[in-house]
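>>> just coords:
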């Protein structure tokens, strides 16, 4: 189905999703006839689909679009099980795929490399892609963010390899298996297991069992590269009877000189990096093992990784001068919050660190999940938590008080805000000489202009 000469007709239900619209663009590039539907399409999906003449002319669901001339329907997670287009496809017998199922159909004859785990997936996937591109190795990919230098988040071709960010979330509204079980990896990374997606996996044991399914899905005699200090990964490995090679990793040895991180190589020149933090050094060692497994020599890997600047939305620089740096980071899960806060403080030990976290996801706003955040921000000199009462209402969650937030974070004098204007005023009143700002969220702090705020603070 990736042959440009073979005209295939595909319809995407919920085409506006991050991966779904990138898949639509990739398929059109490959010569497919592509159509799609959605009840609403937001930016940047809207502009990108419009530029490719793939934006639905009328929003909503239109069963008349589903006809027997279609070769496949791809069902996005945003649709509902009773979607009228889905019902029509079932009625007339059109093959229906979730997007991971469809990706696998296009990758059966490739070496499939899957990056899974509760954190670090996008960054680790981006590291592998960076090294392969530097090495002039042809590969396909599916990654969960728009990466600099790559036009889309999805590529499908006749390349011999495919790099897949393996998500444990549901495959589709009618397929409640995790996405990664469809990929059947030859090689996989498991970065760590930490309870997430509490709206779908109501207990940690339920969440953990998804990774049992991952190991069962491996191609026979596949290779798992796993973070050796994660006790939950070891639990999953002990339970598995599936024949795989298991390679443990920790992190590269490193040193920090003049606020730059260097990989140590005994007897050889150290390698300067543009990234920093134990979590990045750990992800990088996992990527190293994958690259070594597919035949990339060590010197090429080190040459390539010197120019890696990180993945999109991961420690994204907002503003910098000689006494102040501000970042926005996608961190929202507890392990990500802890890792990012620790990394910034370790890299800039002699600067005050003001760290702000927005609780925005369904999991982070559930009272039962809040204990997971205990001591995650303790490396910061000043710590703030922001959440929106409106977001709680939209997600139909019970109210949370600032005192409940403070009780679970276990941070002395934690500042808690429910109004972005109050948070902004607090930050403006801080002293910013020889200080750094870290804003962490998968949301947008209710529209707070972070770039403008960072520029203002830098000039104080």
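Ah, there it is. This structure is a prediction, so every number in the text was calculated from the model and none was measured.
>>> got phi/psi on the closest residue to residue 274 other than its chain neighbours?
Closest residue to residue 274 in three dimensions, ignoring its sequence neighbours and counting by Cβ to Cβ, 6 or more residues apart in numbering: residue 309, at 4.9 Å. Any C-beta I mention is one placed from the backbone N, CA and C, and that applies to glycine too. Backbone geometry at residue 309, expressed as degrees, to the nearest 10, gives phi -100, psi 0.
>>> so which helix or strand takes in residue 88?
Assigned by DSSP states H and E, residue 88 belongs to helix 84-92.
>>> can you list contacts of that helix?
Applying Cβ atoms under 8 Å, 6 or more residues apart in numbering, the contact partners of helix 84-92 are 11, 13, 37, 61-63, 65-68, 70, 73, 75, 79, 96, 173-174.
>>> separate out the buried members of these.
Neighbour-count burial (16 or more other Cβ atoms under 10 Å) is assigned, among those, to 11, 13, 37, 61, 63, 65-66, 70, 73, 75, 79, 96, 173.
>>> and residue 378, that one's in a helix?
No - looking at residue 378 with DSSP: H, G, I helix; E, B strand; the rest coil, it is coil, so not inside a helix.
>>> do you know the pLDDT at the closest residue in space to it that isn't next to it in sequence?
Nearest residue to residue 378, sequence neighbours excluded (Cβ to Cβ, 6+ apart): residue 411, at 6.1 Å. Per-residue confidence (pLDDT) for residue 411: 95.
>>> cool, and the one 5 residues further on?
Among the per-residue scores, residue 416 shows a pLDDT of 97.
>>> what do you get for the one 4 residues further on?
According to the predicted model, the pLDDT of residue 420 comes to 95.
>>> so it makes contact with residue 387?
No - Residue 420 is beyond contact range of residue 387, at 10.3 Å (criterion: Cβ atoms under 8 Å).
>>> more crowded one of those two?
residue 387 (21 against 17; other Cβ atoms under 10 Å).
>>> so the more buried one sits against residue 357, correct?
No - counting by Cβ under 8 Å, residue 387 sits too far from residue 357 to count as a contact (9.1 Å).
>>> which residues touch the helix or strand hosting residue 24?
Using DSSP H and E, residue 24 maps to helix 18-29. The contact list for helix 18-29, computed with Cβ under 8 Å, 6+ apart, reads 10, 12, 14-15, 34, 36, 41, 45, 48-49, 52, 54, 74, 76, 78, 99, 102-103, 142, 144, 152-156.
>>> how far does the helix or strand of the chain with the lowest mean pLDDT sit from its chain's centre?
Least confident helix or strand, the chain: helix 389-394 with a mean of 87, by mean pLDDT, DSSP states H and E. Computed by Cα atoms, centre = their mean, to the nearest Å, the chain-centroid distance of helix 389-394 equals 24 Å.
>>> now stretch 114-126
In terms of Cα atoms, centre = their mean, the centre of stretch 114-126 is found 7 Å from the chain centre.
>>> state the pair within the buried ones among the contacts of helix 84-92 that is farthest apart.
Farthest apart among the buried ones among the contacts of helix 84-92 by Cβ to Cβ are 70 and 173. That separation is 18.8 Å.
>>> need the next SSE after the helix holding residue 88, C-terminal direction.
Toward the C-terminus, helix 84-92 is succeeded by strand 96-98 as the next helix or strand (DSSP H and E).
>>> how close does the residue nearest to residue 274 get to residue 259?
Distance, residue 309 to residue 259, using Cβ to Cβ, to the nearest Å: 16 Å.
>>> same deal with residue 74?
Distance, residue 74 to residue 259, using Cβ to Cβ: 46 Å.
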